[in-house]
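Colleague: quick one: sequence plus predicted model below, questions after.
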Amino acid sequence: MNKDNLNYSFSEARISSRPRNGSIGNNENQIKSYSYTNKKGSSSIENIKQMTTRRNTSEPQLSNLSNIPVKINFPIVNPALLSNVATVFMKYVPVASYIKDSIKYTNCFRGSDAVDTLKLIIRTSDRNLALLLGRALGNQNFFHDVTYNHFLRDNPNELYQFSTNLTFPEVVNESLYNIEKTGIPEDNTILQEKKEQVIENAKKSEVDSLPNGVYTLLTRCYSPTCSENNMCYSISCPRRLEQQNLLNHVARTTALAEKIMNKIDNNNSENQYWSTVMPENIVNSVSETERKRQEVIFELIKTEREYVEDLDLIQKLYIQKLRYSNIIDGEKKESFIEKAFINIPQLYLVNHHFYKLLHVRQEQEPIINRIGDIFLACIKDFEKYIQYGFKQIYGKYIVETEQLKNVKFKDFLKECERHPKSRKLPIQSFLARPTTRIGRYPLLIEAILKRTPVTNPDYKDLNEVLVKLKNILQQINEKAGKAQNNLKLNLLNYQLIFNSGEWYDLKLSAPGRKLIREGTFNIKIQGYESELTVFLFDHMLVLAKRKKNGMYKVFRTPIPLETLIINDKALHQRRSSTIFNSKSNTDRNSISSLKSNSSSNLTSLQYQDINKYPLILVQLGRLGGMYVLYAMSFADRKAWKDAIENQRSIVQEKMKIYDIISLGTSSHFTVSNHANCALLFNKNLVIGSDNGLYIGPGDGNGQFEKVLSLPKINQIEILPDLEFFVILSDKSVYVYSSSILNRTDSTIENEKKLCSNVTFFKVGICLGRYLITCVKSSISSSTIRTFEYTHNQSSKNRRLMKLLKSNNSKDRVKSFKEFYIQDECNSIYYLRSKICIAGSKTFQVIDMESLLTQDLIDFSDPSFDFMKRKDTVIKPISIFRTMNDCYILCFSNFALFINRLGRRARPNKTIYWLGVPSVFAIHHQYLFAFDTEFIEIRSLESCEIVQIIPCHKLKNLNRNSLHCVMETQSPYQIIFRLVNNSIVVLLIISPLMVIKIKLEIEEQVLVLISKMKLKKLMIVILFMKVVN
């Protein structure tokens, strides 16, 4: 029978048998793209089909690429030097994640892409020559097939991975073997002690992992007289052959390549097919569809026998010899066998039983009618593959590390490869067999189902088996992904090093930590081009320079994702710059403009100058700046941009505690009339600006109107009885009647000017009096004037004052005390009988009765010694009372806690600001720090950052109501308010009634309770966080 007529059953079934010589046939249509995560910074070169000669028409597409010829601009290298070719190949070959045989493989590349890349590197159109060069690289273990079964093939359905160069295997925590844990074990004390020794050993044993050698087919002529213009005297000169006999040269290389491939891919054995082993009368008695069905069933049984033989070989050739020899030290021998080979003995029993059932059915029925019942009988046992699937990641790792450390083990593996039954396959090939086998079952079953009648009972059984197998494979892929992530994180925890004297807690051991993406970029530093490896974790971005010893030195500082912004517009402002040490003044237009717009769909792919694909990253904060990274392709840049923005949005949503409620823009507040302060008054919002006082609805649904014309209003406060308010206008303090805000009185007869040349004022209660304190501050001294405001506490007195028409601010505000201090005054905080002043270097307390001054901080406490150093920048700004009679002192670059005696409280909790804040506030046990570019929100309990809100030219208008303003690209300013979205107040009125009320600010709780006249019912207020 013509064998060519038999190949359809295997190509249509999407399977191929593995011949006993160790090679595997071309697996057509078995690979599909999982996600385009180009790790090496390169793009797919699939669109150069006009240059290919062997390309499968059913090849899966990675992206929507047009068939436009690309502009090639690879670095010029000597193609005969394997190390040079390998360096460029690793940088440009498109690396992605694919699914083959239902198993997900990460960081791999396709065979056809490898040949395409090599063609471009050596600048040839001969795919066979590029294939031979690729196999020369593979022979030195530069890369390998994902199943370790064959050499490089020019096939889009074959996957390959770069070999791992491990120069520090001893640093991996073996407790990672229990990969089901959500994170890396945190108890790495012993490993931390070894880290410095490991790094030192790695430096001493720098090993170049690149292939080395000369590929003679691509060498140039050795004659010094040979040149491009003069013909060489030698008839064997490569240049002469290229000019005169190019066709013969191509024919010779083609014949050589096909000879090698025929030797490797010899799959034409007569006994492979059902139709060749069955009698001719049986074959002719079935229909064409049934014959195809029997071919696939025969393939299933035959390959199952081969698979069981391989499992048996692993036990006899590897496990038993290791157990009964001294190749592995006795103390860790059993542990190594258990972790390297996992549950292969159990899998052998499962599949041996499964094969026996198949074999009996084959002997009973030459034409097998049912096979699904056998699968159903064994499908429960196939769940053992889940354990092997995710533990194989670590098993492969410890085998490779033991091979590097143990010479005996390395020699043992070479001896096993030479065993006739090993078929010259490495141990990794056998260890990968279980995962590839379980992944092939769905393909075989789908092929059988395609040719099984619906009326056949096997049709229902096979569909049920298919669902259960896919569920097992899904669990394998999920857990294997977590295992790969945990192993990579554990390695990076020791590979990432810092400059001497620097250290940053990357928190890679935190539960649930993930490595989202890894790749390389180019960057220009002081005019010189350098290469950086970029790691995108689920919580931060790390830039590092790879060292020859396998370590990564962190470049500058890690970037938390909540402080990271991708800025495309800065490129047009300053194209030539790459890194700025100063704070970035990039253009962020509005709340919505902080999210970068998505790039257009990928339409073409070109290898051009790296400057064409910049990725501009802006880090907020005092340690921030701008990074311009150059990707290798537009596709790589887009993939990185999407990944960063997606993960950043996830982090922001997870950390979201306060929402920005925009109150809209008004034509009144522009760059020429800045909003400077705000006040809530009877559900209205009062705003002081450069040109006057405006009032509008507090929810932003309406227009603002001007009620008072005064220049440069920088501060406004309402007095306790809501009858008067105080304004700081052009360095002068005025008291006005609130009738102006009620829009019932347009006159200013009740105006009273308190004082001039005022820097700021503060209203509050001290000595039982309501005081208005006006401060005139300079660098070396400050003059402080206090006024007492007499307010009417009862409604009867207020009505009486109105009848007597004595509601005049001049009669209600009187001078109280005036004093002078020899220090700058930045802010004031009222105590019971004293006031606290933030001076130039520290906080001072002034007794309002005796006017005696003393330091708030007890500097005899040694925990304050760091504040005495000359290099410590200290500028006191604010002070707040916290729980447990403690105070938090906010300086320009840090904050700390003190007790009532001025000594350090919570000495292990020192807050170092991410930015350079100038205004602080406390709400709902959260501390707010307002920088000009972002709002930093921290928990008072843990002092950790809980939320970052990026803004542009931000200014706080009222720290009590959290009203702010920021500029946009338009000439108008945006006024907004921060609202807590995670506070719910539960009023437990009775056992049968619970009222949930979402509040915006704490003051509303008191208003609500005061309105409820409940005397005999207990009211309990419980704050809880709502899980969105």
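Modeller: Nice, I can see it.
Colleague: going by neighbour count, which residues in the lengthiest strand in the chain are buried?
Modeller: Secondary structure of the chain per DSSP state E: the longest strand is strand 658-670. Under the neighbour-count criterion of 16 or more other CB atoms under 10 Å, strand 658-670 has 658, 663, 665-666, 668-670 buried. All C-beta spots, glycine's among them, are computed from the backbone N, C-alpha and C.
Colleague: and what of stretch 892-899?
Modeller: 894-898.
Colleague: same deal with stretch 706-716?
Modeller: 707-708, 710, 712-716.
Colleague: pLDDT below threshold where in the stretch 551-700 of the chain?
Modeller: The stretch 551-700 of the chain contains residues with pLDDT under 70 at 569-611.
Colleague: which stretches of this protein have low pLDDT?
Modeller: Ranges of the chain meeting pLDDT under 70: 1-75, 164-209, 227-231, 235, 238-271, 569-611, 743-750, 791-811, 982-1028.
Colleague: tell me what the lengthiest helix in it is packed against?
Modeller: The longest helix of the chain (DSSP state H) is helix 457-495. When contacts are defined as 3 or more CB pairs under 8 Å, 6 or more residues apart in numbering; DSSP states H and E, helix 457-495 packs onto strand 103-110, helix 189-204, helix 372-378, helix 384-405, helix 433-450, strand 515-525.
Colleague: where exactly do the strands run in the stretch 501-650 of the chain?
Modeller: Secondary structure of the stretch 501-650 of the chain, counting by DSSP state E, counting those that start in this stretch: strands at 515-525, 528-537, 540-546, 552-554, 559-560, 564-566, 579-580, 614-619, 625-630.
Colleague: need the contact partners of the fifth one.
Modeller: Strand 559-560 has contacts (CB atoms under 8 Å, 6 or more residues apart in numbering) with 539-543, 617, 619, 624, 945, 948.
Colleague: follow-up on the earlier one: make a markdown table from the buried residues of stretch 892-899 and add distance to Lys955 and secondary structure to it.
Modeller: Below are those laid out as a markdown table (distance: CB to CB, whole Å; DSSP: H, G, I helix; E, B strand; the rest coil):
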| residue | distance to Lys955 | secondary structure |
| --- | --- | --- |
| Phe894 | 22 | strand |
| Ala895 | 21 | strand |
| Leu896 | 26 | strand |
| Phe897 | 28 | strand |
| Ile898 | 29 | strand |
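Colleague: those strands in the stretch 701-850 of the chain, which residues are they?
Modeller: Using DSSP E, counting those that start in this stretch, strands in the stretch 701-850 of the chain cover 705-708, 713-718, 724-729, 732-737, 752-755, 760-766, 769-777, 782-789, 813-821, 827-830, 834-838, 843-847.
Colleague: with distance to Cys237 added, can I get these in TSV?
Modeller: Formatted as TSV, the strands of the stretch 701-850 of the chain follow (distance: least, CB to CB, whole Å):
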stretch	distance to Cys237
strand 705-708	90
strand 713-718	85
strand 724-729	90
strand 732-737	94
strand 752-755	98
strand 760-766	88
strand 769-777	87
strand 782-789	91
strand 813-821	93
strand 827-830	85
strand 834-838	85
strand 843-847	86
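Colleague: among these, which is nearest Glu446?
Modeller: Taking CB to CB, strand 705-708 is the member of these nearest to Glu446, at 72.4 Å.
Colleague: how far does the closest one sit from the chain's center?
Modeller: The chain centre lies 49 Å from the centre of strand 705-708; the measure is CA atoms, centre = their mean, to the nearest Å.
Colleague: how about stretch 828-848?
Modeller: For stretch 828-848 - counting by CA atoms, centre = their mean - the centre lies 45 Å from the chain centre.
Colleague: next, the buried residues of it.
Modeller: 828-831, 834-839, 842-846, 848.
Colleague: also stretch 968-978?
Modeller: For stretch 968-978, by 16+ other CB under 10 Å, it's 968, 972-978.
Colleague: and if you look at stretch 105-120?
Modeller: Those would be 105-106, 108-120, for stretch 105-120 by 16+ other CB under 10 Å.
Colleague: and the closest residue to Ser223 other than its chain neighbours, which of the three is it?
Modeller: Leaving out its chain neighbours, the residue that sits closest to Ser223 by CB to CB, 6 or more residues apart in numbering is Cys232, at 5.8 Å. Under the three-state scheme (DSSP: H, G, I helix; E, B strand; the rest coil), Cys232 adopts coil.
Colleague: I'd guessed Cys232 sits against Pro224; true?
Modeller: No - if you go by CB atoms under 8 Å, Cys232 and Pro224 don't touch, sitting 10.6 Å apart.
Colleague: okay, the two: which has more neighbours?
Modeller: Cys232 (17 against 6; other CB atoms under 10 Å).
Colleague: element containing Val283, please.
Modeller: helix 280-284 (DSSP states H and E).
Colleague: now do the buried residues in that helix.
Modeller: In helix 280-284, counting by 16+ other CB under 10 Å, buried: Val283.
Colleague: same deal with stretch 297-306?
Modeller: Buried residues in stretch 297-306 (16+ other CB under 10 Å): 297-304.
Colleague: just checking, Ala136 touches Tyr215?
Modeller: Yes - using CB under 8 Å, Ala136 is in contact with Tyr215, at 5.6 Å.
Colleague: show me the strands in the stretch 901-1028 of the chain, by range?
Modeller: Taking DSSP E, counting those that start in this stretch, the strands of the stretch 901-1028 of the chain run over residues 904-905, 911-912, 919-923, 926-930, 934-939, 945-950, 955-958, 963-967, 972-980, 984-990, 993-998, 1021-1024.
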